[in-house]
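Engineer: below is the sequence, then the predicted model.
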Amino acid sequence: MGKLEAMKERYDQIMIPEELNIRIQQEIEKSRRRQEQKGRAGSRHRLRRTVRSMEAMAAAACILFTAALNTSPVFAKEAGELPVIGGLARILTFRAYETEKDDIAVSVEIPTIEMIAEDTGITVDEINQEILARCNQYADDAILRAQEYRTAFLETGGTPEEWAEHDIKITVGYEIKQQGNDFLSFVVRGSENWTNAYSESKYYNLDLSTGKIVTLRDMLGDDYMEMADQSIREQIAERQRAGEVFFTAEEGGFAGISEEVKFYINGNNRPVIVFEKYEIAPGSSGEIEFEITGGN
């Protein structure tokens, strides 16, 4: 099999976005008309060659389209305007940038919810505005904290070279937990590598049938707190038997969830409760998660 045939075979296996496919067909049609105008002699041979060339170009374009969508936030945002088959909503990067000043590095990636199926009547403008404001505010506050830290460091005898060795990094980003037909679940995070005191995470769980934010009560029922507490205690006991370390009650360990407990919805449509680093276990354990079964 030649290179051209191999590219065509890969192309046949890839679903090309409708708009891209239309553009390709238009170019093929233009080529056909040009060939007809030049006469019949040898036109069929030349047309087949042109069509094969266009198909190869389409395969290459589709490969580049897929790669760009997965690596370029800017391209992903622009591609969001193309028709999409299947799904009601998705998460795209609305804005991304990196900057550095006074050896303070800042990396920001702000997500946005996009409704693919517009006939649902669901609007997400308010949530998107909240996300944008939250990300910008965290970045601004974190930069101010780092600048104050730098000023204090230099005023107490530190040198610019020593400050540079701190390698200060401020990061604002997001992680998709579920992007399905029933729910959209993701977390927006802000962190600073020189301190854990100001790290923040906000979980968003959207019911795609109603457009409403999902609560644990929605997922588990009216007795969700008792159900979650029992499940978490059982899981902690099991993990402790396996060697994991958790704080005791006297050390500030797990004493029951609150109404503001953080959670996301996993691929099994089950709520997963999340405890921050140091909240119920040593920092070396990182975030602690518990999937809660049962309920509605």
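Structural biologist: That came in fine, so what should we check first?

Engineer: can I get the CA coordinates of stretch 217-229 in PDB?
Structural biologist: Taking C-alpha atoms only, stretch 217-229 is exported to PDB below (Å, rounded to 0.1, in the frame of the first residue of the first chain):
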ATOM      1  CA  ARG A 217     -28.900  16.000  48.100                       C
ATOM      2  CA  ASP A 218     -29.900  15.700  44.400                       C
ATOM      3  CA  MET A 219     -27.600  12.800  44.000                       C
ATOM      4  CA  LEU A 220     -28.200  10.900  47.300                       C
ATOM      5  CA  GLY A 221     -31.500  12.100  48.700                       C
ATOM      6  CA  ASP A 222     -32.500  13.900  51.900                       C
ATOM      7  CA  ASP A 223     -30.400  11.800  54.200                       C
ATOM      8  CA  TYR A 224     -27.300  12.500  52.100                       C
ATOM      9  CA  MET A 225     -25.100  13.600  55.000                       C
ATOM     10  CA  GLU A 226     -25.700  10.500  57.100                       C
ATOM     11  CA  MET A 227     -25.200   8.300  54.000                       C
ATOM     12  CA  ALA A 228     -22.000  10.000  53.000                       C
ATOM     13  CA  ASP A 229     -20.600  10.000  56.600                       C
END
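
Engineer: just how off-centre is it within its chain?
Structural biologist: Computed by C-alpha atoms, centre = their mean, to the nearest Å, the chain-centroid distance of stretch 217-229 equals 27 Å.

Engineer: mind listing the helices for the stretch 101-250 of the chain?
Structural biologist: In the stretch 101-250 of the chain, helices defined by DSSP state H, counting those that start in this stretch lie at 125-155, 160-164, 216-220, 224-241, listed in chain order.

Engineer: same for the third one, what does it pack against?
Structural biologist: The helices and strands touching helix 216-220, judged by 3 or more C-beta pairs under 8 Å, 6 or more residues apart in numbering; DSSP states H and E, are helix 224-241, strand 271-275. For glycine as for every other residue, the C-beta is placed from the backbone atoms N, C-alpha and C.

Engineer: so which of the ones you listed is nearest residue 165?
Structural biologist: strand 271-275 (32.7 Å; C-beta to C-beta).

Engineer: what pairs with the next helix or strand after that closest one, and is each one parallel or antiparallel?
Structural biologist: Downstream of strand 271-275, the first helix or strand assigned by DSSP states H and E is strand 288-291. Sheet pairing for strand 288-291, assigned by DSSP bridges, gives strand 271-275 (antiparallel).

Engineer: quick revisit: dump the helices and strands packed on helix 216-220 into CSV; add mean pLDDT and mean neighbour count as well.
Structural biologist: Shown next, in CSV, are those (pLDDT from 0 to 100; neighbours: other C-beta atoms under 10 Å):
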stretch, mean pLDDT, mean neighbour count
helix 224-241, 97, 15
strand 271-275, 98, 20
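
Engineer: any idea which of the ones you listed gets closest to residue 186?
Structural biologist: Per C-beta to C-beta, nearest to residue 186 of the helices and strands packed on helix 216-220: strand 271-275, 12.6 Å.

Engineer: other residues contacting stretch 278-295?
Structural biologist: Under the contact criterion C-beta atoms under 8 Å, 6 or more residues apart in numbering, stretch 278-295 has outside partners 196, 219-221, 224, 227-228, 231-232, 235, 244-247, 252-254, 266, 268, 270-277.

Engineer: now stretch 91-98: buried residues?
Structural biologist: Neighbour counts over stretch 91-98 (16 or more other C-beta atoms under 10 Å) mark 91, 93, 94, 96 as buried.

Engineer: also stretch 133-146?
Structural biologist: With burial defined by 16+ other C-beta under 10 Å, the residues of stretch 133-146 counted as buried are 134, 135, 138, 139, 142, 143, 145, 146.

Engineer: quick check: of the buried residues of stretch 91-98, which lies closest to residue 119?
Structural biologist: Among the buried residues of stretch 91-98, and counting by C-beta to C-beta, the member closest to residue 119 is residue 91, at 20.2 Å.

Engineer: please tell me how far the closest one sits from residue 136.
Structural biologist: Distance, residue 91 to residue 136, by C-beta to C-beta, to the nearest Å: 18 Å.

Engineer: coming back round to it: which one of the buried residues of stretch 91-98 is nearest to residue 111?
Structural biologist: Using C-beta to C-beta, these come closest to residue 111 at residue 91, 5.1 Å.
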